[in-house]
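K.L.:
Please work out how this folds:
(chains A and B)
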2 protein chains.
Amino acid sequence: MIDFEIITTDENARRGVLHTPHGPVQTPVFMPVGTNATVKMVAPDRLAETGTTIILSNAYHLALRPGEEVVRRLGGLHRFMNWGGPIITDSGGFQVLSLAKLRRVDDVGVRFQSHVDGSAILLTPERSIEIQNALGADIVMCFDECVSYPVEHYAARKAMERTLTWARRCRDTHREAEARGPAGPAANEFEQALFGIVQGSVFPDLRAECADRLTEMDFPGYALGGCSVGEGPELMNEVIELTLPHLPSGKPRYLMGVGAPEDILEAVERGIDMFDCVMPTRNARGACAFSSRGKVRLRNLQYRLSDDPIDDECDCYACRNFCRGYLRHLFNVKESLAAILTSIHNIRFYQKMMEGIRAAIIKQEFREFKQGFLGHYRSDV
Amino acid sequence: MIDFEIITTDENARRGVLHTPHGPVQTPVFMPVGTNATVKMVAPDRLAETGTTIILSNAYHLALRPGEEVVRRLGGLHRFMNWGGPIITDSGGFQVLSLAKLRRVDDVGVRFQSHVDGSAILLTPERSIEIQNALGADIVMCFDECVSYPVEHYAARKAMERTLTWARRCRDTHREAEARGPAGPAANEFEQALFGIVQGSVFPDLRAECADRLTEMDFPGYALGGCSVGEGPELMNEVIELTLPHLPSGKPRYLMGVGAPEDILEAVERGIDMFDCVMPTRNARGACAFSSRGKVRLRNLQYRLSDDPIDDECDCYACRNFCRGYLRHLFNVKESLAAILTSIHNIRFYQKMMEGIRAAIIKQEFREFKQGFLGHYRSDV
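P.N.:
Numbering: from 1, shown residues only, chains lettered A, B, ... in the order given. You can find the predicted model right below:
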């Protein structure tokens, strides 16, 4: 099980430690995404070198391939992918709604066609927990219904009500599983923490009600789902601001799927503790690197003869050893090492930003840090 | 410049040291292929961990992209790709004939369309040396005409004569460049060793004559080109056997583009010192791993629940940390980490075999080593 400790706050920003069965996590934290039991292109030793302590994987993808029983029988997700640190798994709710075809949602769950082989699958709150129990992550997520944006109030309410019903079923299923004990010799031997997910789109009344009713169910942590789905940063920040007062202050708060460096800074300022996003790795594969002075499009002709690293303030393996001219060449000739190196760098960029955020909160200088970071980042030389 | 020292021999097998401006190379040696200034999927620190000391890159590919002047201005190939050890570049002769479209060969050189953008290019012995001088490898190769197999004797003779004429032009061009000194501040400051290439297809008279006439030109090392192009291992071994006595025994001998583990063992037994081949990395990308007990097809269903490493006798990063079941999953979901890990393993497999070969020659036990290796390797469990 987890334990969350808040070391200090700076206005609404929180500096904490999330204690997990696989070690402590300093918050605010950024969690790289390892959907298929691998952070794309990055081996676990490299990942640890970036300062990453916890990663996110996915129940939906791993249930389809290789199947959660394979992972369980090979020792659980930590051992399967050789990641000794904490892991969180998403429930599959978001992925079912964004990836699967021919889906039909009702109170039982979601019926859909696998995006891999077209087979008919029913994913329910109970089944999602069963999958996540078998995978054995430190933190598991409730199966929720995430609506797209924009959405009518009545439809958002319906999805929110269903999310709450499903949250209760997830909690009950999870408790029963914990009471039964490990499913087999290779299963995880520790108690997994189940987080609730707040839905409600951009409607203040729905977000507040959802947060209140989830809090009554007493989860060890809470996530904001359905954010960064097209509503834009202003609306997202409003949702965060109005929702967080309805969640218990002593529990970790996780903003799912967010986001750009600017988004993370705004959300930390409002009191979010945990983040995940595919942006550093996905952008890297598209030759877009982050730097302290803004994004660097590594295919650009201007870097043809550049002897500079991606970011001269970065200490990652890529920046210590390779120049932009070399990376541009690798992208041009479609060599995988390009995306490998840029993924390492982009993750390190995020982790270094988080290190800066954490240090600034301790020093009660978060606001200054944010302004300094953004002033530098947006100068875009 | 290089210096070659033979420590000991075991019948025809030779145990030597090739001293280069970027350090010593223990021979017999296997050189992974880094065509585009990267050994595919493998960062240089990982490559060094496999026991790799020298790599092969390519004048043809690098002249097309990024252009050899880009490499030169970014400090030369060693610095460009961050490989501190020795590098050898192939001349482009083989690549022009295997990759380019609409090529026309005459005494001047080869006119062809770039396989990248279709532009018309003329590659000559002089131009190949110019490219290789700019790249700055420790060892450069003569521009040769490599014929396909099978080929008529008259055509093989014609290509051999042209290869000899071109070898002289390469040597003269290279000498002039060396006399002029480094082409610029970023260029290599050391003398590059130019190797001659023996052609002649499978015809004993042509191979012997080519080797004799190249020897007269006095190169610091000699390669056998045009091998492993479809003639099969028996004919290739015959070509090696009959050619080597026509080359000076004190100079290194390089069998280009070879080969499978069995081929390397046969060639070492006959007196070859250097090898390169895409097999370990190309096979890895196709989910085929080498192991001490034969090839392992990692996509096979039988490995679905396998908790074993690729090779339980291997000490590579992949084998120390990941099981076959995980690798099978990664290949199935098309995650790049699959090919990254298997490439590392396959290169390490080759380097470990070379370590075994070198130790066996020292102990005058090469024949026993070869038999033991092949008996184990072909047991194919």
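
K.L.:
Would you check that residue A:208 makes contact with residue A:244?
P.N.:
No: counting by CB atoms under 8 Å, residue A:208 stays clear of residue A:244, with 10.4 Å between them. For the C-beta atoms, the positions are set from N, CA and C on the backbone; glycine is no exception.

K.L.:
quick one: which of the two has more around it?
P.N.:
Each of residue A:208 and residue A:244 has its neighbours counted (other CB atoms under 10 Å in any protein chain shown); residue A:244 has more, 21 against 16.

K.L.:
For stretch A:268-276, C-alpha coordinates in PDB please.
P.N.:
Taking Å, rounded to 0.1, in the frame of the first residue of the first chain, the C-alpha atoms of stretch A:268-276 are listed here in PDB:
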ATOM      1  CA  VAL A 268       1.600  22.200  -9.800                       C
ATOM      2  CA  GLU A 269       0.800  25.800  -8.900                       C
ATOM      3  CA  ARG A 270      -2.800  24.700  -8.300                       C
ATOM      4  CA  GLY A 271      -1.900  21.600  -6.200                       C
ATOM      5  CA  ILE A 272      -1.400  18.600  -8.500                       C
ATOM      6  CA  ASP A 273       1.200  16.000  -7.400                       C
ATOM      7  CA  MET A 274       1.400  13.500 -10.200                       C
ATOM      8  CA  PHE A 275       1.500  13.700 -14.000                       C
ATOM      9  CA  ASP A 276       1.900  11.400 -17.000                       C
END
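
K.L.:
just checking, next helix/strand downstream of the strand or helix carrying residue A:46?
P.N.:
Residue A:46 belongs to helix A:44-49 when assigned by DSSP states H and E. Sequence order places strand A:55-58 as the next helix or strand after helix A:44-49, per DSSP H and E.

K.L.:
who's in contact with that next one?
P.N.:
Identification of contacts with strand A:55-58 by CB atoms under 8 Å, 6 or more residues apart in numbering or on different chains yields A:31-37, A:39, A:47, A:77, A:81, A:83, A:85-90, A:92, A:95, A:135, A:137, A:276.

K.L.:
how far is it from where the chain is centred?
P.N.:
7 Å (CA atoms, centre = their mean, to the nearest Å).

K.L.:
Same check on stretch A:292-308?
P.N.:
For stretch A:292-308, the separation from the chain centroid amounts to 28 Å (computed by CA atoms, centre = their mean).

K.L.:
Please point out which parts of it sit buried.
P.N.:
A:292, A:296, A:298, A:303-304, A:306 (16 or more other CB atoms under 10 Å in any protein chain shown).

K.L.:
go on, stretch A:272-287?
P.N.:
For stretch A:272-287, a neighbour-count test (16+ other CB under 10 Å) marks A:272-277, A:279-281, A:283-285, A:287 as buried.

K.L.:
Between which two of the buried residues of stretch A:292-308 is the distance greatest?
P.N.:
Using CB to CB, the pair of the buried residues of stretch A:292-308 lying farthest apart is A:292 and A:304, separated by 22.4 Å.

K.L.:
For the stretch 1-150 of chain A, which residues are neighbours of chain B?
P.N.:
Residues of the stretch 1-150 of chain A found near chain B (CB under 8 Å from any CB of the partner chain) are A:36-38, A:40-45, A:61, A:65-66, A:70, A:73-75, A:80-82.

K.L.:
Just the buried residues of those residues.
P.N.:
When those are checked for burial by 16+ other CB under 10 Å, the buried set is A:36-38, A:40-44, A:61, A:66, A:70, A:73-75, A:80-82.

K.L.:
For the stretch 51-200 of chain A, which segments count as strands?
P.N.:
With strands called from DSSP state E, counting those that start in this stretch, the stretch 51-200 of chain A shows them at A:55-58, A:87-90, A:101-105, A:110-113, A:120-123, A:139-141, A:193-198.

K.L.:
rank these by pLDDT, which is bottom?
P.N.:
The minimum mean pLDDT among the strands of the stretch 51-200 of chain A belongs to strand A:101-105 (a mean of 84).

K.L.:
Against which helices or strands is it packed?
P.N.:
Where contact means 3 or more CB pairs under 8 Å, 6 or more residues apart in numbering or on different chains; DSSP states H and E, strand A:101-105 is packed against strand A:110-113.

K.L.:
What's the per-residue pLDDT of the residue sitting furthest away from the middle of chain A here?
P.N.:
In chain A, the residue that sits farthest from the middle, by CA atoms, centre = their mean, is residue A:305; the gap is 36.4 Å. With respect to pLDDT, residue A:305 scores 98.

K.L.:
Got phi/psi on it?
P.N.:
Backbone torsions for residue A:305, taken as degrees, to the nearest 10, come to phi -110, psi 20.

K.L.:
for residue A:6, phi and psi?
P.N.:
Torsion angles, degrees, to the nearest 10, at residue A:6: phi -100, psi 120.

K.L.:
Show me the helices in the stretch 1-150 of chain A, by range?
P.N.:
Secondary structure of the stretch 1-150 of chain A (DSSP state H, counting those that start in this stretch): helices located at A:44-49, A:59-64, A:68-73, A:77-81, A:93-99, A:125-135.

K.L.:
Give me the buried positions along stretch A:212-219.
P.N.:
Within stretch A:212-219, the residues that count as buried by 16+ other CB under 10 Å are A:213-215, A:219.

K.L.:
Repeat that for stretch A:117-130.
P.N.:
Neighbour-count burial for stretch A:117-130 [16+ other CB under 10 Å]: A:121, A:123-130.

K.L.:
for those residues, which one is nearest chain B?
P.N.:
residue A:121 (16.6 Å; CB to the nearest CB).

K.L.:
what's the domain layout of chain A?
P.N.:
In the assignment given by automatic domain parsing, the structural domains of chain A cover A:3-277, A:291-373.
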